[in-house]
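[1] Show me the folded form of this:
(2 chains)
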Amino acid sequence: MVSLEVKHLSKTYKKKLVLNDLNFTVNKGEFLSILGPSGCGKTTLLKILIGIEKSDQGQIIKDNTDITNFDAANRGMGIVFQNYALFPNMNVLENVMYALKIKMKNKDKAKEESLKILKMVKMDQELKKYPHELSGGQQQRVAIARTLVLNPDIILFDEPMSALDADNRLTLRKELKALQTKFNTTMIYITHDQEEAFSLSDRVIVMNEGVIEQIDTPNKIFNNPKNAYVKNFVTRHLIEKVESIEKCTGIDL
Amino acid sequence: MKKFNISQFLILIFLITFVIFPLGRMLLMVKWANFGTLIASSSFKEALINSLLVTSIATIIAILIAYILAFTLNRTNIKHRAVLKLLLTIPMLIPSISHGLGLINLFGTNGLISKGLGFNIIGMPGIIIGSILYSFPIAFLMFDDGFKYIDNNLYDTAHVLGLNKWQTFKTVTFTYLKKPFLSAVFATFTMIFTDYGVPLAVGGKFITLPVFLYKEVIGLLDFSKGTMIGLFLLIPALISFLFDTFFKDYAHNNLKSKDYVIKENKLRDNVLKILTYTLITFVFILLGSFIYYAFINSPVLDHSFSLKHFDYILANNVGKYLFNSLLIALLVSILGTIIAYFCAYETARVKGKFSRLLHILAIVSLAIPGIVLGLSFTTSFKSTFLHNTFTILIIVNIIHFFASPYLMAYNALQKINPNFEMVAKTCNISLFKIIKDVIIPNTKITIREMFSYFFVNSMITISAVTFLYNTKTMPLALLINNYEGNLMLGEAAIISLIILIINIILKLGIYLINRYESRKDAYEYNI
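    Now for the predicted structure:
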């Protein structure tokens, strides 16, 4: 079942076409990555999807409703930003219940809901801790809980792990995948990291200079890259990785 | 996206009305035909040469002292750094005229130290020493900050490359301190060149340019001539401003620099320790002279204990002037902090050409010496309802001290995660709420610093307000000028002490609040 449909989306910025006639769908419960190098337009796409920026042309349809001109707050989407953007002056519980409290105008109920979500992401033992006292993984769980508590249909991720070290990223990827399976929420994940996109996603959109080069499952993109760009950008990186593992271990992969 | 918002628009109107308009109006008032006569007059030439002479000498010495102090606190094994830093900035808490006054107490015709020795420092030496005392803390803070950004890896590299001490200083230390060094030189030069507090108190017949301006305007009511002299005072300030705005500072690009490892050198440490403690002792002797003069009968005839100076100032309604000063300082701090903070919010967190224009306007006040700003206000608003009101004194102080607190807020707001507003947008939280609940709580240390800067400077300033007060609105610091002019050194000393004590209480209060909060929750230190 289709959750989100993007039709003929285009955007020009300072006379440069940054998004050129994008078309794709996202299925319910799917984990879709948008992969591309910096400057390929993926962040602009995310901003348009979430409603922070407007497109020049095209439509965004969510659950059969045209939300192209909806405010960010009314799109039923949540977002997890780079470095998570947790509020440093609020503890875990306050971070999660802040927006809900304003929305519900009922502190007790907001607290109850927040505790429920925090328990689901296994953060109910750290309620009084501040963001700087949490590990990267815990911060990610709080950021996701903060988004989930508002009950969005789709969660978008804006390169949330780009500032972290390789070790941490690996742990966080596993955690994120587990959370997605648990909540079965549709997720759109923006990244420039091939490995991240391939290990997390059901499908991957490869973008370059404002156009979609290929949309497919990781397996198909790897085995049947549509053109030289995809082959070069996606597969070469992974092959190099395999080669280095072979070199280190002596095992022929 | 909108080109500008209402808040940007209001701040822009405020800055245009109270920075651009008065300055422009003042410039239009200049009778250029008389310019030649002014420049050719011997009194002007003398004042200009005097000013250039004392400013150059005092700047060189102040910069040298400031550098040595910053070096001592950052590059030697001296103990109690935090306390020493605090003590070294105490001179910033009293008006410049009080520095001159302290020197008269100690080294004047009947000075405590000079009397028996048969000399005095009234005139050029007094102005130089007073100017150094008044300006070195600012330069010291600039160097102190500069030292913190030097990456120690570079010293290791220099060592591996076999560079000697001088070569290392040239290639590493100086490269990194070039911007703070030149900024400090310009700032100190400008401060001293445009100050009239010190020369008015201790200058005697040695007239400098700001005193010349002051006498023309206050004594002879010649505003046109005053304005022309003001133009000369604008020149170094303008150069300083242009330098600070356009000179690239690459030292601050390094966000994390490795701490410097201080090498053992007892001789160096001891020599610098003695110098530092000597300077602090001198500052305290100067401040101590205020206490002594406050409690003696007469500095010339009778040094016996007396409370008559207190009786005199109480009988002359000192409470009223104290109230005026506190009222002005409090309102300047509250309103100034609010305006500067929101101005910085609009420039640091809202992108666009409009915010860049606002940024330039916000820091332009750095280029206007207080005495020139005061003059431009009096010429521009004399015939408006603002004339002779507290309002105009409050506004002139906000503008005079706007740039530094603005830059504090600008830097703090730029450091905060840029996505908070977007989080708010997607969660249906209003911008107002996110500023109140997230942005402000995460910058409260900066906000307190801004408040303190406005407050202390409003308490000590005499330059910008000097042409704008009347008997009802007169601030306390101007009493020092009056008393000193009438040789009432005891009374002037008491007023200096009152100002110093109030400023210390405020600084201490803010320090304690910050310390209490840093124990309670340390998040602002961990953004």
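[2] So which helix or strand of the chain has the lowest pLDDT on average?
    Defaulting to chain A. helix A:236-249 (a mean of 79; mean pLDDT, DSSP states H and E).
[3] To clarify, I was referring to chain B.
    helix B:152-160 (a mean of 80).
[4] So which bits of that helix are buried?
    For helix B:152-160, burial by neighbour count (16 or more other C-beta atoms under 10 Å in any protein chain shown) applies to B:154-155, B:158. C-beta here means a position set from N, CA and C on the backbone, and glycine is covered the same way.
[5] wait, isn't B:Leu93 in contact with B:Leu497?
    No: if you go by C-beta atoms under 8 Å, B:Leu93 and B:Leu497 don't touch, sitting 11.0 Å apart.
[6] Settle it for me: which of those two has more neighbours?
    B:Leu93 (21 against 17; other C-beta atoms under 10 Å in any protein chain shown).
[7] What separation is there between that one and B:Gly374?
    For B:Leu93, the distance to B:Gly374 (C-beta to C-beta, to the nearest Å) stands at 22 Å.
[8] can you map out the strands along the stretch 101-250 of chain A?
    For the stretch 101-250 of chain A, the strands defined by DSSP state E, counting those that start in this stretch cover A:154-158, A:186-191, A:203-208, A:211-216.
[9] Which one, of those strands, ends up nearest to A:Met97?
    Among these, strand A:154-158 comes nearest to A:Met97, with 18.0 Å by C-beta to C-beta.
[10] May I ask which helix or strand encompasses B:Asn105?
    Element membership of B:Asn105 [criterion: DSSP states H and E] is helix B:96-107.
[11] any idea which helix or strand comes after that helix?
    Following helix B:96-107 in sequence, per DSSP H and E, is helix B:114-117.
[12] what is the rounded mean pLDDT of that next one?
    Over the span of helix B:114-117, the pLDDT mean works out to 82.
[13] Off-centre distance for it?
    33 Å (C-alpha atoms, centre = their mean, to the nearest Å).
[14] packing partners for that helix?
    Using 3 or more C-beta pairs under 8 Å, 6 or more residues apart in numbering or on different chains; DSSP states H and E as the contact test, no helix or strand touches helix B:114-117.
[15] Enumerate the positions of that helix that are buried.
    B:114-115.
[16] and if you look at stretch B:503-514?
    Buried, per 16+ other C-beta under 10 Å, within stretch B:503-514: B:503, B:506-507, B:510.
[17] neighbours of A:Glu5, just the number please.
    16.
[18] thinking again about what came up before, show me the contact partners of the least confident helix or strand of chain A.
    A:194-195, A:198, A:222, A:251-253 (C-beta atoms under 8 Å, 6 or more residues apart in numbering or on different chains).
[19] What of stretch B:426-434?
    A:50-52, A:72-75, A:77-79, A:98-99, A:102-103, A:150, B:420-421, B:423-424.
[20] ditto for stretch B:482-489
    B:97, B:100-101, B:104-105, B:200-201, B:293, B:299, B:309, B:312, B:491-492, B:495.
[21] Can you give me the end-to-end span of that stretch?
    By C-alpha to C-alpha, to the nearest Å, the extent of stretch B:482-489 from end to end equals 10 Å.
[22] Give me the distance between it and the centre of its chain.
    24 Å.
[23] Give me the buried positions along that stretch.
    Quick answer for stretch B:482-489 (16+ other C-beta under 10 Å): B:483-484, B:488-489.
[24] ok, so of the residues you listed, who is nearest B:Ala464?
    Nearest to B:Ala464 among these, with distances taken as C-beta to C-beta, is B:Glu484, at 19.2 Å.
[25] what's the next secondary structure element after the helix or strand where the closest one lies?
    For B:Glu484, the host element (DSSP H and E) is helix B:477-485. For helix B:477-485, the succeeding helix or strand toward the C-terminus, using DSSP H and E, is helix B:489-520.
[26] so for that next one, what's the average pLDDT?
    pLDDT averaged over helix B:489-520 gives 90.
[27] Can you check what angle separates it from helix B:96-107?
    120 degrees (axes from the mean of the first three to the mean of the last three C-alpha atoms, to 10 degrees).
[28] show me what contacts residue 209?
    Using chain A. Contacts of A:Glu209 by C-beta under 8 Å, 6+ apart are A:39-41.
[29] try chain B instead
    Neighbours of B:Leu209 in contact, by C-beta under 8 Å, 6+ apart: B:47-48, B:50-51, B:193, B:229, B:232-233.
[30] For the stretch 151-300 of chain B, which residues score under the pLDDT cut-off?
    B:248-259 (pLDDT under 70).
[31] what about the strands in it?
    B:296-298.
[32] Please list the residues of it that sit near chain A.
    Taking C-beta under 8 Å from any C-beta of the partner chain, no part of the stretch 151-300 of chain B reaches chain A.
[33] ok, now which ones touch B:Asp269?
    Neighbours of B:Asp269 in contact, by C-beta under 8 Å, 6+ apart: B:76-78.
[34] Show me what residue of the stretch 51-200 of chain B gets nearest to chain A.
    Closest residue of the stretch 51-200 of chain B to chain A, C-beta to the nearest C-beta: B:Asn153 (20.4 Å).
[35] Report the separation between that residue and B:His159.
    For B:Asn153, the distance to B:His159 - C-beta to C-beta - is 11 Å.
[36] How about the secondary structure of A:Arg3?
    You called it Arg, but residue A:3 is Ser. strand (DSSP: H, G, I helix; E, B strand; the rest coil).
[37] Touching, it and A:Asp153? I think so.
    Yes: using C-beta under 8 Å, A:Ser3 makes contact with A:Asp153 at a distance of 6.4 Å.
[38] any shared contact partners between these two?
    Joint contacts of A:Ser3 and A:Asp153 (C-beta under 8 Å, 6+ apart) are A:62-63, A:186.
[39] From the residues you listed, pick the one nearest B:Ala237.
    Distances from B:Ala237 to the shared contacts of A:Ser3 and A:Asp153, taken by C-beta to C-beta, are shortest for A:Lys62, at 57.8 Å.
[40] measure that closest one to B:Ile285 for me?
    A:Lys62 is 76 Å from B:Ile285, by C-beta to C-beta.
[41] What of B:Ile11?
    45 Å.
[42] Between those two, which has more neighbouring residues?
    For B:Ile11 and B:Ile285, the more surrounded residue by other C-beta under 10 Å is B:Ile11, and the numbers stand at 21 against 15.
[43] Let me know the secondary structure of the residue nearest to the more buried one when sequence neighbours are not counted.
    Closest residue to B:Ile11 apart from its sequence neighbours, by C-beta to C-beta, 6 or more residues apart in numbering or on different chains: B:Cys343 at 4.7 Å. Three-state assignment for B:Cys343 (three-state DSSP): helix.
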